[in-house]
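Enquirer: Pasting the sequence and the predicted coordinates here, then a few questions.
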Amino acid sequence: MNRRQFNSRFVALGLAPLAPAPVVATATPAPLSGPAARHCPWAVQYARVHEACSPGRLARAFRLAPEVAQELFT
């Protein structure tokens, strides 16, 4: 049975309310300070590329104050 038939039969039987709904994030992140907001896209890319990431590594890589690096890390 292909997916289209399965989904149409699933809805036709009225089982759609029993299907798990996707989780929607309700918490909004805290706004970042000026330096952290400026470096955030680069920090995200750095974390994706390197297998290990820590506030210390962010501080060294971007020459940031430890407080700003910690804000980026959280």
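Expert: All right, it came through fine.
Enquirer: what about the closest residue in space to Ala47 that isn't next to it in sequence, distance to Ser33?
Expert: Nearest residue to Ala47 in three dimensions, chain neighbours excluded: Cys53, at 4.3 Å (CB to CB, 6 or more residues apart in numbering). To be clear about C-beta, it is placed using only N, CA and C from the backbone, and glycine gets the same treatment. Shown here: Cys53 relative to Ser33, a distance of 19 Å by CB to CB, to the nearest Å.
Enquirer: do the same with Ala65
Expert: 10 Å.
Enquirer: Poorly predicted segments of this protein, please.
Expert: Filtered on pLDDT under 70, the chain yields the residue ranges 1-4, 7, 9-21, 23-29.
Enquirer: all helices for it, in order.
Expert: Counting by DSSP state H, the chain has helices at residues 3-12, 34-49, 55-62, 66-73.
Enquirer: Run through who's touching the last one.
Expert: The one in question is helix 66-73. The contact list for helix 66-73 (CB atoms under 8 Å, 6 or more residues apart in numbering) reads 32-33, 35-36, 39-40, 43, 53-56, 58-59, 62, 64.
Enquirer: rerun at 7 Å
Expert: Here helix 66-73 makes contact (CB atoms under 7 Å, 6 or more residues apart in numbering) with Leu32, Ser33, Pro35, Ala36, His39, Cys40, Ala43, Pro55, Leu58, Ala59.
Enquirer: And the residues you listed, which of them are buried?
Expert: Taking 16 or more other CB atoms under 10 Å as the criterion, what is buried in the contacts of helix 66-73 is Pro35, Ala36, His39, Ala43, Pro55, Leu58, Ala59.
Enquirer: For the second one, give its distance to Ala61.
Expert: Between Ala36 and Ala61 the computed distance is 14 Å (CB to CB).
Enquirer: And the fourth one, by the same measure?
Expert: Summarising the geometry, the distance separating Ala43 from Ala61, computed by CB to CB, is 8 Å.
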